[in-house]
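Enquirer: Need a 3D model of the following:
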Amino acid sequence: MSRRRQAGVGLIEVLISASIGLLLVVAAARLYVTSTVNRQIQSEIEGLQQNARHALGQLVRDTRRSGYFGGSIDLSPLSGTEAPLPPDGSCSTTNNSWGRMLQRPLYGIDDGREGYDCIPGKEYLRGDLLVVRYADPLPVQAIDPQRLYLKSAATGGRLFAGRDRGHAANSLEGGNAATRTLVARAYYIRQSSSVLCPDGSRPPSLYREYLGSRGLPLSEEIAAGIENLQIQYGVSGSSGDSIRLVDADGVEAWDSVVLVQLWLLARQECAHAGMQAKRRQFGMGSRTYVPANPAYHRELFQATVMLRNPAP
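Expert: Numbers count the residues shown, from 1 in each chain. Below you'll find the model as predicted:
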């Protein structure tokens with residue numbers, strides 16, 4: 001009896017114990033991997049939402065400000081050494097004419113960039129293009145020689161480059177005249193230049209062209225992971241009490257636009273092996289967008305902007 005009690009554990013018992021231990025280790029490893037993947041996916045989704053909110057906020061603020069030119073609401077008396085130019089829907093990279101088309105403070109192109117030479121075709125990816133122009137709400141003190149400025153008051157305005165600030169053609173009567181930086185921006189979708197995914201691809205991003213310090217268009221990445229931008233414009237009827245939504249191609253006169261509806265589709269920047277892909281379609285204004293690759297988490301964001309300063 002004593003020898004039987006001291007015999008120890010048998011081989012079968014050792015094998016059973018080892019098998020149970022191995023199963024526990026495998027289960028723990030799977031749980032760890034799953035939780036790590038889930039945390040990473042959740043972090044990517046939070047980044048997606050943050051990028052989308054930032055992008056939509058930029059679009060909403062700029063759209064709401066379009067047409068604000070300080071005290072000079074009526075553009076007819078606006079002149080200066082860099083006098084406003086009639087809008088022709090073009091965008092030059094060799095001069096400041098694009099920023100000077102103040103009579104069209106809001107403009108769009110439907111699913112394209114035709115005529116906008118500052119956005120090369122190889123950079124444009126998809127979606128609508130939105131252009132806004134306005135004077136920065138805050139007056140400036142320091143003047144950049146090449147940048148465009150608007151001096152405005154209730155009696156009119158003067159558009160000039162900083163180097164011509166003291167020119168007689170830019171003088172303006174009225175003690176309440178203030179000088180503001182002229183802002184012109186064009187938003188569109190192209191591939192990111194800042195994010196490179198492990199598979200070598202680059203995600204779509206929201207970009208904008210803006211007037212640089214020389215008065216020429218420069219490109220700037222706003223938010224990565226923005227896959228599509230669609231816009232509709234609320235056009236007032238002849239009676240003024242009815243509004244109909246149209247795409248950019250349906251706007252006959254841009255000074256009749258009183259509101260703008262924005263749809264922004266955001267996705268994960270890079271594909272993730274742990275994401276359960278489902279093919280979805282997204283209603284974006286008059287368009288139904290079906291992504292070619294469903295292996296991304298996507299969310300649709302929308303905003304409506306009332307224009308406080310429609311063009312005269």
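Enquirer: Report how many residues lie close to Ala186.
Expert: 24 (other CB atoms under 10 Å). Glycine gets a C-beta too; all of them are placed from N, C-alpha and C.
Enquirer: Quick check: it touching Glu209?
Expert: Yes. Between Ala186 and Glu209 there is a contact under CB atoms under 8 Å: 4.3 Å.
Enquirer: any common contacting residues for the two?
Expert: 91, 118-119, 217 (CB atoms under 8 Å, 6 or more residues apart in numbering).
Enquirer: Taking those together, which two end up most distant?
Expert: Ile119 and Pro217 (8.4 Å; CB to CB).
Enquirer: Overlap of the contact sets of those two?
Expert: 91, 186, 209.
Enquirer: Could you pick out the longest helix of the chain?
Expert: Ranked by residue count and defined by DSSP state H, the top helix of the chain is helix 11-65.
Enquirer: any idea how far the helix or strand that comes right after it is from the chain center?
Expert: Counting by DSSP states H and E, the element after helix 11-65 in chain order, helix or strand, is strand 106-109. Chain-centre distance of strand 106-109: 14 Å, with CA atoms, centre = their mean, to the nearest Å.
Enquirer: Which neighbouring elements make contact with strand 106-109?
Expert: Contacts defined by 3 or more CB pairs under 8 Å, 6 or more residues apart in numbering; DSSP states H and E place strand 106-109 against strand 126-135.
Enquirer: any weak-confidence spans in the stretch 101-250 of the chain?
Expert: Within the stretch 101-250 of the chain, the stretches with pLDDT under 70 are 174-175, 238-241.
Enquirer: can you give me the strands in the stretch 201-312 of the chain?
Expert: Taking DSSP state E, counting those that start in this stretch to define them, one finds strands in the stretch 201-312 of the chain at 204-211, 217-224, 226-236, 243-246, 257-267, 282-284, 287-289, 298-306.
Enquirer: And those strands: which comes nearest Val60?
Expert: Nearest of the strands of the stretch 201-312 of the chain (CB to CB): strand 298-306, 5.2 Å.
Enquirer: and the angle from the closest one to strand 226-236?
Expert: Angle between the axes of strand 298-306 and strand 226-236 is 30 degrees (criterion: axes from the mean of the first three to the mean of the last three CA atoms, to 10 degrees).
Enquirer: What strands flank strand 298-306, and is each parallel or antiparallel?
Expert: Using DSSP bridges, the strands paired with strand 298-306 are strand 257-267 (antiparallel).
Enquirer: Pro204 touches Glu227, doesn't it?
Expert: Yes. Counting by CB under 8 Å, Pro204 does reach Glu227; the two are 4.8 Å apart.
Enquirer: Cool, thanks, signing off.
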